[in-house]
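Enquirer: Got a sequence here, can you model it:
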Amino acid sequence: MDRLSNRLKRLGYSQTFVMSNKAREMRANGADVISLTLGEPDFDVPENIKQAAHDAIDQNFSHYSPVPGFLELREAIAAKLKRDNALDYKPTQICVSNGAKQAILNVLAAVLNEGDEVILPAPFWVSYDEMVKMMDGTSVIINTAYENDFKITAEQLEEAITPRTKVLLYSSPCNPSGSYYTYDELRSLAEVIAKHPQITVISDEIYEYINYETSTKSIAAFDEIYDQVAVINGMSKGFAMTGWRIGYSACPEWLARACEKIQGQMTSGPNTVAQRAAITALKTDPAEYKYMIDEFRKRRDLFYDLMKEIPGFKVLLPKSAFYLFPDVSYYIGKTLNGQKIENSDDLAMYLLENAHVGSVGGVSFGSPECLRFSYAASEQDLREAMRRIRRCLEETVISSVEEINPS
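Expert: Numbering: from 1, shown residues only. Model (predicted):
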C-alpha cells in the first residue's frame with residue numbers, strides 16, 4: 001500500500017544537500033574532500049548579537065511570541081527597510097518567519113491556486129521550483145544568457161505572462177549567479193508588471209548586504225506596483241545567522257494578513273530568543289558587520305582569478321553574494337575517462353569523485369550548463385580546490401574531442 005501523497009512524490013531533494021551529504025559521506029570514509037556546496041557564511045555570529053541572545057534567555061523570553069513576531073522586531077525591520085532601502089512599511093505589513101524560505105512559502109500559499117503559473121527567471125535558487133510544486137502551481141522558466149549576466153529583460157517577462165500567471169519569483173542579488181538588477185532594469189520590469197495587476201512579485205533580497213559595488217535596489221520602490229510586491233529578507237546571510245532561522249516578508253496589508261493567517265496554522269511565531277537577537281542585529285549600524293563583506297570580496301577576487309585558468313570554464317565576476325557560477329557547457333555531451341557527462345550535475349559528481357571538490361550542478365538551478373561553487377571558505381581551501389580541479393581536468397581523457405587549451 002502506497003501511503004505517500006502525490007504532493008510529496010512531485011518534490012525532488014535539494015541538490016545542494018545531496019552534494020553536501022555526498023561530500024560528508026566521502027569524508028567519513030577517509031577522503032580529503034573540500035566542499036564548496038552550501039550557501040552559508042563561514043563566520044561566527046557577531047558578539048553583540050550573541051550577547052542579545054544571552055540577555056533574552058536571562059530575561060525569560062521563553063514563551064510564544066505573536067504569530068508575525070514581536071512588535072519591537074517588526075518595528076526594527078520597518079526601520080531597516082526605511083534606512084537601507086527607502087521603503088515605507090508599517091509593522092502590520094511585516095511577518096517574521098522561521099527563515100526566509102518559510103516567508104516565501106507563506107506568500108505562495110496565500111496567492112496560488114492549482115495550476116496557477118509562477119515565472120522563474122533561470123538561474124534560480126534550487127528550492128523555488130519545488131516550492132511552486134508544493135503549492136500546486138506550475139513553473140514557467142525564462143532562460144537567461146551568460147552574456148546578459150543571467151538577467152531577464154522586460155521583453156522576456158512580457159512574453160512569458162499568460163492569463164494564468166500569478167507570481168514572478170526571483171532573487172536579487174541572485175543565488176546562484178551573483179548578479180543583481182539595477183534600478184533601470186527593475187523599472188523596466190515594473191512597467192510590465194503594472195499592466196498585470198493579478199501578478200504578485202516575490203522579491204528575494206536575502207543577499208542584499210553581500211554586495212561589492214553599490215547598494216542594491218528593490219522593485220518595491222516603484223509606487224505603481226507597491227501593492228503587488230512581497231519583499232523577502234532575513235538574518236542568515238548578512239549576519240551569519242543561518243541556524244537562527246529568522247526571515248521575514250514585507251507586503252501590502254492584504255498579503256501580510258494572509259501570511260499571518262497561514263503561519264498561524266503552520267508554525268506560529270519563530271524562536272523568541274532568536275527574535276530578540278535579530279532586533280539587536282538590525283539596530284546596529286551595518287558598517288559594524290562590513291568586515292565579513294570585505295573578506296568575501298577578497299575571496300571572490302582570488303577565486304575568480306583562479307577559476308579563469310580552469311580549462312573549459314567560462315566565468316563572470318559576480319557583483320554580489322558568495323558564489324561563482326561558471327558555464328561548463330564545453331564538457332556537456334563529452335565522455336570523461338569513460339564517464340558520459342549529460343549535464344552539469346554529472347560534471348559536479350565527476351569532480352567530487354575524482355578531484356574531491358564538492359560543487360552543485362546547475363540542473364536544479366534551471367541552468368544545466370553551469371556549476372555553482374561557494375567561496376564561503378578559507379583562502380587555503382579555495383586555492384587547493386582550484387588546483388585539484390585544474391589538475392583533474394588536465395589529466396582527464398576526453399573522448400572524441402581536441403585537447404583543451406588551458407589558456
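Enquirer: quick one: contacts for residue 371?
Expert: For residue 371, the contacting residues are 325-326, 328, 344, 347-348, 359-362, by C-beta atoms under 8 Å, 6 or more residues apart in numbering. Placement of C-beta: from N, CA and C, glycine included.
Enquirer: Now do the strands in the stretch 201-350 of the chain.
Expert: For the stretch 201-350 of the chain, the strands defined by DSSP state E, counting those that start in this stretch cover 229-234, 247-250, 323-324, 335-336, 339-340.
Enquirer: so residue 231 touches residue 218, yeah?
Expert: Yes: Residue 231 is in contact with residue 218 according to C-beta atoms under 8 Å; the separation is 5.9 Å.
Enquirer: okay, and the common contacts of the two?
Expert: Any residue near both residue 231 and residue 218 by C-beta under 8 Å, 6+ apart counts here, and that gives 85, 87, 203, 205.
Enquirer: Show me the residues you listed that map onto helices.
Expert: Mapping the shared contacts of residue 231 and residue 218 onto helices (DSSP state H) picks out residue 85.
Enquirer: Tell me which of the strands of the stretch 201-350 of the chain lies nearest to residue 144.
Expert: Closest to residue 144 of those is strand 323-324 (C-beta to C-beta; 15.5 Å).
Enquirer: Which strands or helices does the closest one pack on?
Expert: Applying 3 or more C-beta pairs under 8 Å, 6 or more residues apart in numbering; DSSP states H and E, we find strand 323-324 packed against helix 290-307, strand 371-374.
Enquirer: neighbouring strands for that strand, and are they parallel or not?
Expert: Note on strand 323-324: by DSSP bridges, its sheet partners are strand 371-374 (antiparallel).
Enquirer: Which SSE is immediately downstream of the strand it pairs with?
Expert: Proceeding N to C from strand 371-374, the next assigned helix or strand is helix 379-395, under DSSP states H and E.
Enquirer: Residue 231 and residue 218: who's more crowded?
Expert: A count of neighbours by other C-beta atoms under 10 Å puts residue 231 above the other of residue 231 and residue 218, at 26 against 22.
Enquirer: bridging residues for that one?
Expert: Here residue 231, judged by DSSP bridges, has bridge partners residue 203, residue 250.
Enquirer: how about the helices of the stretch 1-150 of the chain, start to end?
Expert: 6-10, 15-28, 47-58, 71-85, 100-111, 126-134 (DSSP state H, counting those that start in this stretch).
Enquirer: what's the pLDDT at the residue nearest to the spatial centre of the chain?
Expert: With distances taken as C-alpha atoms, centre = their mean, residue 175 lies nearest the centre of the chain, 3.9 Å away. Listed pLDDT for residue 175 reads 97.
Enquirer: wait, it sits on residue 318?
Expert: No: the pair residue 175 / residue 318 is not scored as a contact, 10.4 Å apart, by C-beta under 8 Å.
Enquirer: What residues of stretch 336-350 count as buried?
Expert: Buried residues in stretch 336-350, counting neighbours by 16 or more other C-beta atoms under 10 Å, are found at 336, 341, 343-350.
Enquirer: just checking, which of those belong to helices?
Expert: Counting by DSSP H, those place 344-350 in helices.
Enquirer: Show the average pLDDT along the host helix or strand of residue 191.
Expert: Secondary structure from DSSP H and E places residue 191 in helix 183-193. Averaging pLDDT along helix 183-193 yields 98.
Enquirer: Could you give me the buried positions within it?
Expert: Buried, per 16+ other C-beta under 10 Å, within helix 183-193: 185-190, 192-193.
Enquirer: Poorly predicted segments of the stretch 251-400 of the chain, please.
Expert: Within the stretch 251-400 of the chain, the stretches with pLDDT under 70 are 400.
Enquirer: is it true that residue 102 touches residue 247?
Expert: Yes: with contacts counted by C-beta under 8 Å, residue 102 reaches residue 247, the gap being 6.4 Å.
Enquirer: Nearest to residue 267 among the contacts of residue 371?
Expert: Using C-beta to C-beta, residue 360 comes nearest to residue 267 of those, at 27.5 Å.
Enquirer: Specify the beta-bridge partners of the closest one.
Expert: Where residue 360 sits in a bridge, its partners, by DSSP bridges, are residue 372.
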